[in-house]
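A.B. asks: Turn this into a model:
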Amino acid sequence: MLDFERAWPRHTGAKEEAIIGRLGLKPARYYQLLRRAAVSLEGQAHDPFTARRVLRRAA
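C.D. replies: Model prediction:
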């Protein structure tokens, strides 16, 4: 999730299409899972920059 978010940092129509097409998720579900990944220790260790950015945006 964090790798995908790093590749698509801005919320656009193309990003929504990629979420549906590549990940097979509805955008709302993607953002739920993304926040969960960002708060996890594994996610923060994997990509701390993207995890912090996701959490700042969600706050």
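A.B. asks: which of the residues in the helix or strand containing residue 31 are buried?
C.D. replies: Counting by DSSP states H and E, the element that carries residue 31 is helix 27-39. Using 16 or more other CB atoms under 10 Å as the test for burial, helix 27-39 gives 30, 31, 34, 35, 37, 38. C-beta: built from backbone N, CA, C; applies to glycine.
A.B. asks: With stretch 19-27 instead?
C.D. replies: 19, 25.
A.B. asks: Could you tell me the average pLDDT over it, please?
C.D. replies: Averaging pLDDT along stretch 19-27 gives 96.
A.B. asks: other SSEs contacting the helix holding residue 31?
C.D. replies: For helix 27-39, the packing partners by 3 or more CB pairs under 8 Å, 6 or more residues apart in numbering; DSSP states H and E come out as helix 2-7, helix 48-58.
A.B. asks: Including mean pLDDT, could these go into TSV?
C.D. replies: TSV is the format used below for those (pLDDT from 0 to 100):
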stretch	mean pLDDT
helix 2-7	96
helix 48-58	94
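A.B. asks: Could you point out which of these sits nearest residue 19?
C.D. replies: helix 2-7 (7.9 Å; CB to CB).
A.B. asks: Now the element after that closest one, going C-ward?
C.D. replies: helix 13-18.
A.B. asks: For that next one, buried residues please.
C.D. replies: For helix 13-18, by 16+ other CB under 10 Å, it's 15, 18.
A.B. asks: Residues touching stretch 26-46, excluding its own?
C.D. replies: By CB atoms under 8 Å, 6 or more residues apart in numbering, the surrounding residues in contact with stretch 26-46 are 1-2, 5, 16, 19-20, 23, 25, 50-52, 54-55, 58.
A.B. asks: repeat that with 10 Å
C.D. replies: For stretch 26-46, the external contacting residues (CB atoms under 10 Å, 6 or more residues apart in numbering) are 1-5, 11, 15-20, 23-25, 47-48, 50-58.
A.B. asks: Tell me how many other residues surround the nearest residue to residue 2 once chain neighbours are set aside.
C.D. replies: Residue nearest to residue 2 in three dimensions, not counting chain neighbours: residue 47, with 4.4 Å by CB to CB, 6 or more residues apart in numbering. By other CB atoms under 10 Å, 18 other residues sit near residue 47.
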